[in-house]
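In: could you look at this predicted model? Sequence included:
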Protein chains: 6
Amino acid sequence: MSTRSLITDEEASPEVLAVFEDIRKTRGSDFINNFWRALAHDPRQLKAIWGELKLVMGPGTIDPITKEMIYIAVSVANGCSYCIHSHTAAAKAKGMSEAQHSELVSIIGMAGKTNHLVTALQVPVDDAFKV
Amino acid sequence: MSTRSLITDEEASPEVLAVFEDIRKTRGSDFINNFWRALAHDPRQLKAIWGELKLVMGPGTIDPITKEMIYIAVSVANGCSYCIHSHTAAAKAKGMSEAQHSELVSIIGMAGKTNHLVTALQVPVDDAFKV
Amino acid sequence: MSTRSLITDEEASPEVLAVFEDIRKTRGSDFINNFWRALAHDPRQLKAIWGELKLVMGPGTIDPITKEMIYIAVSVANGCSYCIHSHTAAAKAKGMSEAQHSELVSIIGMAGKTNHLVTALQVPVDDAFKV
Amino acid sequence: MSTRSLITDEEASPEVLAVFEDIRKTRGSDFINNFWRALAHDPRQLKAIWGELKLVMGPGTIDPITKEMIYIAVSVANGCSYCIHSHTAAAKAKGMSEAQHSELVSIIGMAGKTNHLVTALQVPVDDAFKV
Amino acid sequence: MSTRSLITDEEASPEVLAVFEDIRKTRGSDFINNFWRALAHDPRQLKAIWGELKLVMGPGTIDPITKEMIYIAVSVANGCSYCIHSHTAAAKAKGMSEAQHSELVSIIGMAGKTNHLVTALQVPVDDAFKV
Amino acid sequence: MSTRSLITDEEASPEVLAVFEDIRKTRGSDFINNFWRALAHDPRQLKAIWGELKLVMGPGTIDPITKEMIYIAVSVANGCSYCIHSHTAAAKAKGMSEAQHSELVSIIGMAGKTNHLVTALQVPVDDAFKV
């Protein structure tokens, strides 16, 4: 359950509907997931975050599947269940294979482990890594 | 400073030296970073973790630069300074460009932000994301 | 589901009931939320934590709504779902407006983002910030 | 040490200098802290984040000192040392008293404790908290 | 709900069944918990993680109940609900008393609190703690 | 560097000195570590936290070394460098052997890994674990 209600299309203001329209057009799907419906209480924030996400996850020097895998990695380490579900679904929709998913999960687990080992031992940064 | 000393080559047991030798050969470099020197107090653990890392970060369905970027993403969210330094250095050594690094940092920042927004609002997982 | 049962009024010892009584009186409400019922297995701990919370969240140099917003901020970053729900409810009960809630969520999201950017880039602390 | 260099005024492009100029004017100080110098490798990101921060931390329904305290709270829970230093300095510059700082730290510590207790006991959210 | 399906005994490959068999034999119970069923999509990973867990949690210089309590402590700080449930159940099965559980929870809460206080105040490490 | 100064014995008020005296007596050592000196700006908080720590870490159903190991485990997962150093020093002072330290670090690393795997796969809690 959310700490505030999810805005339906019927309840949405024209500004919110305009953003929903752009999400639908950009994604080629009628589906608006709950994240946007929760943000829609604050139309300015909804618009800003959608604009930022479209830019950051749009065309660039890193391919779309990799972008989703990076997003999943951060979300797992931060323990954001919703984000893991939504970006795993997005990665699969963009073509992430079962084998890649397994490998992604292995890397995340390995990083989780060595992060903890390094922190437990308080390993000092090597001079060689300094910029 | 570490919570235990860093094992030098001179102090290393034959088992430890064998792992160091494999690290050097695999990486084509004489350099052994502090993480391995801190682990070397426990030769069995050193060997197991090196073996696991070699496997997880070795050839698979995800390319080497992407693997390092995923590693960085987890390490940032976990706040592991050493890991961020070592894997950023590794990613650059494997060919991550400045533009890719900037884009990686943007994605990590964006994920950090939406993870916090979703958690603050306690957005429920959409049925559409269920496996 | 909890890792231990929730103590009902019927199951509560006299020591526990005395704390429940003080919670009810302090809050002007008959409702005892699950946190206290889970702690009630250990009456001494229940009493100590309630006493500490009453002191920390009571009158001081920071106003009651701000205190709840700080509590929410920590709970979001720590991913404590229960705490987010209970302190958002408390903040609203104390008068936090919808606009303030939106603004609080924006600040938490912004902080989440810059925390990740700073950590990814390992920005060194400026001398000017040193005490 | 940073994972990339800090851009000095001499190295800055005209776009970067324009942002630096706005930071100086907005804050009424010549000082540009390291966060902006690290971001300056990517002028578009620098401009976007500065613009977002100015908006989020600018006038609204929450007062400036409270905004900084919320920022500190998130940064502590995320373990971002740089952010804690910079926002504690900002809060003091905006008038946070020593007594308020002490009280802020107490609330953060209390929240850290109850977040851990609730998570350890996996306390279920009360129906009364549901929106 | 999981981001991938849980493998039943009927769906399991011979390699997966061999690991399940070893889990059953080692634990003296027919029950295979969901973690292993989720990992079973990748038999090599399943086998490796089970082998590692058996080794790490097996006989050594730290007693079995303490090992489970350490596991719980990490899982609470990382906010892993599943892990808290499974290792609390394991600790109880191995003999952790109610009083020990209460005391464990108190220590975790205390550590959560002082971790936040130390981080908020950015306390520098004493020379006396340096190895 | 701390976000506030460390109180020396010369600067300490009588109330602070009374707590320092109790720390010295309880530990049988003249050394007061920086945590207490940073807290000493707020004598009431200093006294309360020292009292709570003495109680929580004092005699009970869990032995002193185990208590320190649990404290280290939480501190590693929370990334509190100061806390890791101080409690590792305390654990060694109370008799934690090198072999136990290695084993503790292994368990923490293993938990860090499975926490990440479980979270990435969003494994649902088994009915068998429900209280």
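Out: Right, received. Where do you want to start?
In: just the C-alphas of stretch A:1-17, formatted as PDB.
Out: These are the backbone C-alpha positions of stretch A:1-17, laid out as PDB (Å, rounded to 0.1, in the frame of the first residue of the first chain):
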ATOM      1  CA  MET A   1       0.000   0.000   0.000                       C
ATOM      2  CA  SER A   2       1.200   3.500  -0.900                       C
ATOM      3  CA  THR A   3       1.500   6.400   1.500                       C
ATOM      4  CA  ARG A   4      -0.700   8.300  -0.900                       C
ATOM      5  CA  SER A   5      -3.300   7.300  -3.400                       C
ATOM      6  CA  LEU A   6      -2.700   6.300  -7.000                       C
ATOM      7  CA  ILE A   7      -4.200   8.800  -9.500                       C
ATOM      8  CA  THR A   8      -6.400   7.200 -12.100                       C
ATOM      9  CA  ASP A   9      -6.900   8.600 -15.600                       C
ATOM     10  CA  GLU A  10     -10.300   9.900 -14.500                       C
ATOM     11  CA  GLU A  11      -8.800  11.800 -11.600                       C
ATOM     12  CA  ALA A  12      -5.900  13.200 -13.500                       C
ATOM     13  CA  SER A  13      -5.500  16.900 -14.300                       C
ATOM     14  CA  PRO A  14      -4.800  17.900 -17.900                       C
ATOM     15  CA  GLU A  15      -1.100  18.400 -17.100                       C
ATOM     16  CA  VAL A  16      -0.900  14.900 -15.700                       C
ATOM     17  CA  LEU A  17      -2.800  13.500 -18.700                       C
END
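In: quickly find the element holding A:Phe31.
Out: Using DSSP states H and E, A:Phe31 sits within no helix or strand.
In: try A:Ser102
Out: Following DSSP H and E, one finds A:Ser102 within helix A:98-121.
In: how about that helix and chain C, any contact?
Out: No: figure legend: helix A:98-121 not in contact with chain C (Cβ under 8 Å from any Cβ of the partner chain); closest approach 12.1 Å. Every C-beta, even on glycine, is put in place using the N, C-alpha and C of the backbone.
In: tilt between that helix and helix F:98-121?
Out: 150 degrees (axes from the mean of the first three to the mean of the last three Cα atoms, to 10 degrees).
In: so does the strand or helix carrying A:Ile70 get close to chain C?
Out: If you go by DSSP H and E, A:Ile70 is part of helix A:64-77. Yes: Helix A:64-77 is in contact with chain C by Cβ under 8 Å from any Cβ, via A:Val74.
In: neighbouring contacts of the first helix or strand past that helix going along the chain?
Out: As assigned by DSSP H and E, the chain's next helix or strand after helix A:64-77 is helix A:81-93. Identification of contacts with helix A:81-93 by Cβ atoms under 8 Å, 6 or more residues apart in numbering or on different chains yields A:33-35, A:65, A:68-69, A:71-72, A:75-76, A:101, B:111, B:114-115, B:118, B:123-126, B:128-130, E:1, E:3, F:119-120, F:122.
In: CA atoms of helix A:81-93 as CSV?
Out: The C-alpha trace of helix A:81-93 is given here as CSV (Å, rounded to 0.1, in the frame of the first residue of the first chain):
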residue,chain,number,x,y,z
SER,A,81,11.5,-4.0,-4.4
TYR,A,82,9.3,-2.0,-6.7
CYS,A,83,12.3,-0.8,-8.7
ILE,A,84,13.7,-4.3,-9.1
HIS,A,85,10.4,-5.6,-10.4
SER,A,86,9.8,-2.7,-12.9
HIS,A,87,13.4,-2.6,-14.2
THR,A,88,13.7,-6.4,-14.5
ALA,A,89,10.4,-6.3,-16.5
ALA,A,90,11.8,-3.5,-18.6
ALA,A,91,15.1,-5.3,-19.2
LYS,A,92,13.3,-8.4,-20.3
ALA,A,93,11.0,-6.4,-22.6
